[in-house]
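Colleague: kindly generate the corresponding structure for this input.
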Amino acid sequence: MPGTRSTSRFALTPVLASVLAGAGTAFAQPEAGDAGPVLEIRSMGLAGTEVHDKDQAAFDAFMLLGDRIQELGDELGMEPAQRAVFPLLWDLFNAETALRVDLGEQGPGFAMAVLPSGVGGAAELTESLGRFMTESGVPLQIDDDGAMRFDTPMGPASISLGMGGGEAFTLVRAGASGDVAPGVERYGLPDGATPTASLRVDLERLGYFLLPMMEADEPEMAALVEASGWLGENAPAIEYSAGTTDRHVVGWFSVVGGRELVARYTGGATVPGSVFRAVPEDASLVSAAAFELDWILGMIDEAAGQSGEDPFGEIQEFLGVDVRNDLLANLGPRWIYYQSGTTGGHGLLSSVMHVELQNPEAFASAHEAIVELANQMAAENANGYVSVRSWELEGTEVFSLTFPGLPIPMEPTWAVRGDRLIAALSPAGMRGALAQMTPGGRSVMDRDDFRADVIDAWPDGGALSATWVESGAMAAEGYGATNMLLSGLANAVRSPASPERSAGVLMPGYADFMSGIENYVEIGWWEGDDVVYASRGDRSMLVQMAMLIGAFGELQQLYVPAMGAGVMLPALGKARETAKQVKSASQVRSLVMALIMYGNDHDLQVPPNIEALIEGGYISRDMLSSAYGEAFDGPDIGIRLDLSGEEMFSHDASLIVAIDRSMLYYSGDTNVGFADGHVEYLTYWDLENYLEMDVNAGAREALGIED
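Modeller: Presented below is the predicted three-dimensional model:
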């Protein structure tokens, strides 16, 4: 319905208007002569989507959601105004739209052009939008040309018909906005591609708007953001466009004028194509990039300087290691990540990462010290359940994080070999990664598809980054899960009120689905003063979905065992806790009985100290050690020796004479022994009730549980 579509556009306008108007007092005007929008978002909408044959059934079913959404208002018993919200939001996806936000000398402005796809076109859309506003109580003034004018927090606004490219469209404007018309920008899309969406953000002009607001509330944060170069004076612009060809979806992302800024993160380095020699031939996902941590460390240093703190100095004092320079600043500038059959059967668990080290010797020395300290701390605090083990593999010293006695389904593993830090999610993955580094072997560079997709397209000066996915392999892994999601969509579009509405079979058969799948590739490079990233992937959105799911498909190998562990560990933990409680109760009972026996043997005298009980053979020394560990401020198990013989041997069932102090500190509950010889498991609050009794006056001090 065209009318609901126009309403949905307008419903967004006051929100943006109030944000812009609220910032009016902080808005810093750009220099005279600056022009153009700060933000442009353009989309062909769902109605303008060119659908791949594999996606057609799923797309048709998805479009049925519009009918289903309109039914929800009735099913939920909503008022008419509330009921209109669902179809309005749905219609937002269908129309071709162009959104423009200006932050010029005359103040903020907003404009949106909407080209509806339904019967009646822009004229009906504009009329319906005006009718909706009138019914909502917004006073409108109708000009001679039919434009409807009203006031907003941003200033005067209007709804009218516009013309562009020979087509009429609905135009909503508020404040000092520039002109806008439907249409998607191509930017760097290849010739022959049909653009589907585009975006442009002027980060310099956006900084004039955002930085004063940030400075008013968080001046230090505003200074850091401005120093980063991403907002404010001389900040770059972001341009993005997406489109389709007969075989591919294509994308273009550019940081216009951003070379100097991005070079901070790469150290000015690029990635040569030869880095892929370290990647096995059967890789299904490969990504390489130039990246350094110096810029992040610099920002941390600057923030610390402003606050008068020295976090890296404190860490170095504690660890005895220069974590900043020997570890973090040592990483990069080139990183490689891949998944392969060689390192774990594809999927997430086959992940391997290579990181170049600028000073391998310094890194290895700092790493050795940290591993030693980590094992020492684990031994003291983790009761042996966590440790870093060291062993030899393929002639290289390898380290892995282990969890002895716990069914945790991974063993992260790492090693330093030559000038590289290598990390894998399992020892098997590390074995494959190290074997791949043996000179003379085959690699992903020996594959025809990889060479055609990546190496033949490699920039002359090297790449900033490159990602390649064997889409067919990943999509095969994700086919079943994608089919399951489409079953959910098929059920969603069906209706109890309209049983005849059915989506049919949405997922292509496996053979048809896998036929002719195109690999995904993205490469980034320097282009003059700009930074450019171009990508292409399979034309089918279902293939793209299955590929993404397949890339993380082996998560099931984590969450299935984890679910089992989730069932087992609480039971094991409960059994372990029960065992400690039983042992603690036994010790407290033995100590109470020892006191009673000592009194019987010594004319109802209270022992002068604990040593008298040990030397007399009434207890052994280990009976004083709690199953819950060592108490930090006194004996594990406290005994009252401040009582008179008459009190101690009164057999009063409310008089506390012994308590497991460690258990109280570590669990909040505890076992308590009473003068009549019985032991009770008491919660903290139950214990408090006993301690408040007159008979237990002085018990807190005597047992050392004042806090």
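Colleague: tell me which helix or strand of this protein sits lowest on mean pLDDT?
Modeller: Within the chain, no helix or strand scores below helix 2-22, which has a mean of 32 by mean pLDDT, DSSP states H and E.
Colleague: just checking: what are the partner strands of whichever helix or strand comes after that one?
Modeller: Sequence-wise, the next helix or strand downstream of helix 2-22 (DSSP states H and E) is strand 39-43. Applying DSSP bridges, strand 39-43 is found paired with strand 96-104 (antiparallel), strand 194-202 (antiparallel).
Colleague: helix/strand/coil for His354?
Modeller: Under DSSP: H, G, I helix; E, B strand; the rest coil, the three-state class of His354 is strand.
Colleague: from Ala288, how far off is the nearest residue to it once chain neighbours are set aside?
Modeller: Nearest non-adjacent residue to His354, counting by Cβ to Cβ, 6 or more residues apart in numbering: Ile336, 4.2 Å away. Heads up, the C-betas are built off the backbone N, CA and C, glycines and all. For Ile336, the distance to Ala288 (Cβ to Cβ, to the nearest Å) stands at 5 Å.
Colleague: which one's more surrounded, the two?
Modeller: Set Ile336 next to Ala288 and count neighbours by other Cβ atoms under 10 Å: Ala288 wins out with 25 against 21.
Colleague: quick one: contacts for that one?
Modeller: Contact analysis of Ala288 by Cβ atoms under 8 Å, 6 or more residues apart in numbering lists Val271, Val275, Phe276, Arg334, Trp335, Ile336, Tyr337, Ala463, Ser465, Ala466, Thr467.
Colleague: could you pull up the residues touching the first one?
Modeller: Neighbouring residues of Val271 by Cβ under 8 Å, 6+ apart: Ala288, Ala289, Ala290, Arg334, Gly462, Ala463, Leu464, Ser465, Ala466.
Colleague: likewise the second one?
Modeller: Neighbouring residues of Val275 by Cβ under 8 Å, 6+ apart: Ala288, Arg334, Ile336.
Colleague: could you check the pLDDT of the last one?
Modeller: Right, Ile336. Note on Ile336: pLDDT of 95.
Colleague: the one 3 residues further on too?
Modeller: The confidence metric pLDDT takes the value 93 at Gln339.
Colleague: same check on Gln556?
Modeller: Residue-level confidence at Gln556 comes out at 41, pLDDT.
Colleague: before we move on, what about Ser400?
Modeller: Value for Ser400, per-residue pLDDT: 95.
Colleague: in which helix or strand does Val505 reside?
Modeller: Using DSSP H and E, Val505 sits in no helix or strand.
Colleague: with Leu373 instead?
Modeller: Assigned by DSSP H and E, Leu373 belongs to helix 360-381.
Colleague: quick one: list the elements packing against that helix.
Modeller: In terms of contacts (3 or more Cβ pairs under 8 Å, 6 or more residues apart in numbering; DSSP states H and E), helix 360-381 is packed against helix 311-319, strand 387-393, strand 413-417.
Colleague: between that helix and strand 387-393, how big is the angle?
Modeller: Relative orientation of helix 360-381 versus strand 387-393 (axes from the mean of the first three to the mean of the last three Cα atoms, to 10 degrees): 140 degrees.
Colleague: so helix 360-381 versus helix 311-319, what angle?
Modeller: On the basis of the same axes, to 10 degrees, helix 360-381 is oriented at 60 degrees to helix 311-319.
Colleague: any idea which of the helices and strands packed on helix 360-381 is most buried?
Modeller: strand 413-417 (a mean of 20; mean count of other Cβ atoms under 10 Å).
Colleague: avg pLDDT for that strand?
Modeller: Averaging pLDDT along strand 413-417 yields 95.
Colleague: so what strands line up beside that strand?
Modeller: By DSSP bridges, strand 413-417 pairs with strand 396-402 (antiparallel), strand 420-424 (antiparallel).
Colleague: quick one: closest of these to Ala95.
Modeller: Among the strands paired with strand 413-417, the nearest to Ala95 by Cβ to Cβ is strand 420-424 (47.6 Å).
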